[in-house]
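# Show me the folded form of this:
(one chain, ligands or ions: 1)
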Amino acid sequence: MQRLVGGFGRLRSFRLPSYIAYYHIPPPRLIHLDYRSLSVNDKMAESPKAGQVHALPQAELELPSMKKPRLAGKNVPKSERKRAKKRAKKTDLPEPCSTEDVLWRDVIAVLGQDVVDKALEDGSEFDSPFEFHQEVELEVSAICSSGEAIARSLDDLRPWTVIVPFALPREKVRARIYRNARLHSFADLLETLSYETQLDLKRDVVVKAYKNFSSVSPFFYQGYPANPRDEDLSDDAVPQILSTIGSPLEYGYRTKLTPHFEAPPKSARKAQPSDTEGKPDWLKIGFNRIGTSRTMDIEECPIATPVINNAYRPARENIIKNIFTYKRGVSLLYRDSLEHSSDASPREADTSVDALTSSLEKHVCITDQKAIVREKVGDKIFEYVAGSFFQNNNSVLVPLTNYVRDAIFPQTSITTDSDASPPTHLVDAYCGAGLFAITLSPHFQTVAGIELSQDSIKAATRNAELNNIPSDKITFRAGDAAAIFETVGEFPPDKTALLIDPPRKGCDDNFIQQLLAFRCKTVVYVSCNVHTQARDVGKILKATENEEAGRKYILESVRGFDLFPQTAHVESVAVLRLV
Ligand SMILES: C[S@@+](CC[C@H](N)C(=O)[O-])C[C@H]1O[C@@H](n2cnc3c(N)ncnc32)[C@H](O)[C@@H]1O
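Next comes the predicted model:
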C-alpha cells in the first residue's frame with residue numbers, strides 16, 4: 001500500500017507513485033553519471049599526498065599481511081591503544097571499490113581533487129561545518145552511483161558535500177544532517193524547494209523536441225556533431241526556447257481522475273473471506289505503474305483536487321467492502337465540477353442572491369460519465385459531458401488563454417508590421433467545448449470552431465449561449481479539422497488568427513496543406529505533445545522557407561506551459577507569423 005501525502009513532507013517515510021513522482025524520486029533511467037568527471041578520481045590512487053595521509057610507518061607496511069600493524073609501544077595503556085586504533089581506522093581511506101569508496105569518489109568529483117588533497121593535507125577532512133540535526137538548504141550537484149543526490153555546501157570557506165535521497169540535479173532542497181563523515185555529511189530530505197527546477201527540466205524537453213523533430217540544421221545546436229542535410233531548415237529558424245510558465249497550483253490541481261481495479265481472481269472467489277478482514281492483498285485500486293499494466297494501489301492523489309480526494313476515499317472503502325460483487329474490472333471517473341442547478345434537489349434549492357453566488361463557487365464531485373460538469377475560466381462558464389475532453393488543470397487556464405491572446409495581439413513585436421491592423425477573425429481548430437474560441441471571442445468580430453466530437457460541439461454551442469455570445473458572431477461545426485477551411489473561405493487571411501490544439505498525434509498532412517493554402521497572418525499552435533508540434537511546425541516553416549515571391553512563416557516564439565506539475569508532461573505553445 002502506498003500512502004500518498006500531498007505537499008512537502010518527510011519523503012523518506014513514504015513513496016509517491018511513479019506516475020507522479022517523476023521529479024521527486026529518481027527512477028533508474030533518470031540517473032546520469034558523468035564518467036568523465038568521475039575519472040579524476042583515478043588520479044587519487046596515484047596521488048602521493050593521498051597516500052601519505054593514511055600511510056602507516058614504512059616498517060609496519062612491510063609486515064607480513066596476516067600480522068596486524070603495531071600501533072604503539074607495549075607500554076602504552078590499553079585505552080590509549082584503543083583510541084589510537086580508532087583514530088587510525090577513521091583516517092583510513094575507504095577500501096578500493098567498497099561502497100564507501102564509490103561514494104568517496106562522488107565526493108571528490110563534486111569538490112575537485114585539489115580541494116580534497118588540501119583537506120587531507122591539513123587534516124581538516126573531518127571538520128564538518130554541520131552539527132547533528134542541523135537543517136540546511138542545498139542545491140543538488142549530481143546523482144551519486146548509489147542513486148542518492150550529492151550537493152556541495154554553499155560555504156566556500158569550508159568545502160563540504162551533503163548526501164541526500166530523493167532529489168535531482170539542480171533541485172534546491174532543505175535537509176537535516178544526521179551523520180558526518182570525511183568531507184561529506186548524510187542528511188534526510190525535508191523539502192524539495194524548487195518548482196523552478198521542474199520548469200527548467202520541462203524547458204529542456206521542449207528544446208530537445210525542436211532539436212530532434214523540427215528538421216532544423218543540427219548545427220544550430222552547439223556541439224551537435226552531425227552535418228546539415230539538404231532537407232534541414234536554416235539554422236536560425238527556431239528561436240531560443242522561452243522559460244516554461246508554471247501552474248499556479250503545484251498540487252491539488254487535477255480536476256479529473258480515472259482510477260481502476262480488477263475483479264477478484266478465481267482463486268480469491270473460492271476462498272471468499274468475510275468483509276471484516278479488510279482489503280485483500282491482491283486488490284489494487286489506483287493507476288498503472290509507469291511502463292507496466294500492473295495497478296499500483298493509491299489511497300489518495302496529491303495532484304488531484306481536494307473535492308476529488310474527498311469523494312475517492314469513501315468510494316474506495318465501499319469498493320473494498322463489496323469487492324466480491326464485482327464480476328469485471330472497473331474504470332472509475334472523478335470530475336471536479338462547480339455545483340449547478342441540476343445537482344441540487346428542488347427542496348434544497350435556495351434562490352437568494354447570496355446562495356446563488358456561493359453555489360457558483362461550490363465544488364462537487366461528478367462520477368457519472370454522462371453528467372454535465374461545469375467550470376469557470378476567468379469570467380466565462382463552460383459546461384461539458386463528464387466523459388468528454390476538457391483541460392484538466394483549471395488553475396492554469398486563465399494564464400494560458402491570456403498568453404494566446406497576447407500572442408495574437410502583441411504589444412510590440414519584432415516580426416509584425418506595426419502598421420498592420422490587428423486580426424478580426426479567429427479560427428479554433430480542434431476546439432473541444434470551445435475553451436479558446438469562447439475566452440478569446442471578445443477580441444474578435446467573428447469566430448469559427450471545428451471539432452470531431454459531436455458531444456463537444458454541442459457543449460461548445462451551449463457554452464456560447466451560456467456566455468451570451470451571439471450566434472452570428474460564433475459558430476461551431478462537427479468534423480475533421482481540415483474541413484474548417486471550407487467554412488472560413490470568406491475570412492480575410494491577413495486579419496485571421498488560426499489556433500490549433502490537436503490531440504497527441506498532431507496535425508495530418510491534409511490539414512497542414514490547407515493551412516499553407518489559407519495563409520493566415522498568425523498561427524498559434526498549442527500542443528500536449530511537443531514532439532509532434534515540433535514536427536508540424538518544421539513542415540510549415542520548411543514549406544515556405546524558400547518562397548521567392550510569396551511571404552513565409554517564421555517561428556516567433558516557443559514556450560512550455562506546465563499543465564501537469566509533478567509529472568513529466570509539458571504543454572507547448574508555438575507562435576508563427578506570416579512575414
Ligand atoms: C487537446 S484537445 C483540445 C480541445 C480544446 N482546444 C480545449 O483546449 O479544450 C484536442 C481535441 O481535438 C479533437 N480532435 C481529435 N481529432 C480531431 C480531428 N481530426 N479533427 C478535429 N478535431 C479533432 C478531440 O476530440 C479533442 O477535443
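# And the next helix or strand past the longest helix along the chain?
Determined from DSSP state H, the single longest helix within the chain is helix 195-213. Next helix or strand after helix 195-213 toward the C-terminus (DSSP states H and E): strand 242-245.
# What average pLDDT does the following helix or strand past that following strand get?
Per DSSP H and E, strand 242-245 leads on to strand 256-257 as the next helix or strand towards the C-terminus. The average pLDDT within strand 256-257 is 98.
# Stretch 324-337 now?
Across stretch 324-337, the average pLDDT comes to 96.
# Okay, buried residues for that stretch please.
Residues of stretch 324-337 classed as buried: 332-337 (neighbour count, 16 or more other CB atoms under 10 Å). Any C-beta I mention is one placed from the backbone N, CA and C, and that applies to glycine too.
# same thing with stretch 193-212?
Buried residues in stretch 193-212, counted by 16+ other CB under 10 Å: 193-195, 197-199, 201-203, 205-207, 209-211.
# which outside residues touch that stretch?
Residues outside stretch 193-212 that contact it (CB atoms under 8 Å, 6 or more residues apart in numbering): 23, 137, 168, 170-174, 216, 218, 220-221, 224, 238, 241-246, 250, 530-531, 533-534, 537, 558-560, 562, 565-566, 568, 570, 572.
# Which one of the residues in the stretch 101-250 of the chain is closest to the ligand?
Proximity of the stretch 101-250 of the chain to the ligand (CB to the nearest ligand atom) peaks at S247, 15.2 Å away.
# and what of the stretch 401-550 of the chain?
Closest contact between the stretch 401-550 of the chain and the ligand, by CB to the nearest ligand atom, is at G432 (2.8 Å).
# show me the contacts for that residue.
G432 sits next to 384, 388-390, 451, 453, 456, 460, 501 when contact means CB under 8 Å, 6+ apart.
# Would you mind measuring from it to P129?
From G432 across to P129, the span is 55 Å (CB to CB, to the nearest Å).
# Please compute how far the helix or strand harbouring V307 lies from its chain's middle.
Following DSSP H and E, one finds V307 within helix 306-321. From the chain centre to the centre of helix 306-321 is a distance of 26 Å (CA atoms, centre = their mean, to the nearest Å).
# average model confidence for that helix?
Across helix 306-321, pLDDT averages out at 96.
# what's that helix packed up against?
With contacts taken as 3 or more CB pairs under 8 Å, 6 or more residues apart in numbering; DSSP states H and E, helix 306-321 sits against strand 334-338, strand 363-366.
# for these, which one sits closest to D472?
strand 334-338 (28.8 Å; CB to CB).
# Can you give me the neighbour number for the residue of the stretch 251-400 of the chain found nearest the ligand?
Residue nearest to the ligand within the stretch 251-400 of the chain (CB to the nearest ligand atom): F389, separated by 4.0 Å. Number of residues near F389 (other CB atoms under 10 Å) recorded here: 18.
# backbone phi and psi for it, please?
phi -80, psi 130 (degrees, to the nearest 10).
# The ligand contacts on the protein?
Selection of the chain residues close to the ligand by CB under 6 Å from any ligand atom yields 389-391, 430-433, 435-436, 450-453, 456, 480-481, 501-503, 528.
# Show the buried residues in the contacts of stretch 193-212.
In the contacts of stretch 193-212, burial by neighbour count holds for 23, 168, 171-174, 216, 218, 220-221, 238, 241, 244-246, 250, 530-531, 533-534, 537, 558-560, 562, 565-566, 570, 572, counting by 16+ other CB under 10 Å.
# Then K279 would be within a strand, right?
No - looking at K279 with DSSP: H, G, I helix; E, B strand; the rest coil, it is coil, so not inside a strand.
# What score does it have for pLDDT?
For K279, pLDDT reads 90.
# Same check on D156?
D156 is given a pLDDT of 67.
# ditto for the one 3 residues further on
pLDDT, the model's per-residue confidence, is 91 for P159.
# burial of it, as a residue count?
P159: 19 surrounding residues under other CB under 10 Å.
# which stretch of helix or strand covers it?
Short version: P159 belongs to no helix or strand, going by DSSP H and E.
# Looking at strand pairing, list the partners for I381.
Beta-bridge partners recorded for I381 (DSSP bridges): K376.
# can I assume it is in contact with N467?
Yes - between I381 and N467 a contact is recorded at 6.2 Å, counting by CB atoms under 8 Å.
# mind listing what the closest residue to A481 other than its chain neighbours touches?
Using CB to CB, 6 or more residues apart in numbering and skipping residues adjacent in sequence, the residue nearest A481 is A429, 4.3 Å away. The contact partners of A429, taken as CB under 8 Å, 6+ apart, are 449-450, 481, 484, 498-502, 511.
# List just the nearest of the residues you listed to K266.
For these, the nearest to K266 is P502 (43.6 Å; CB to CB).
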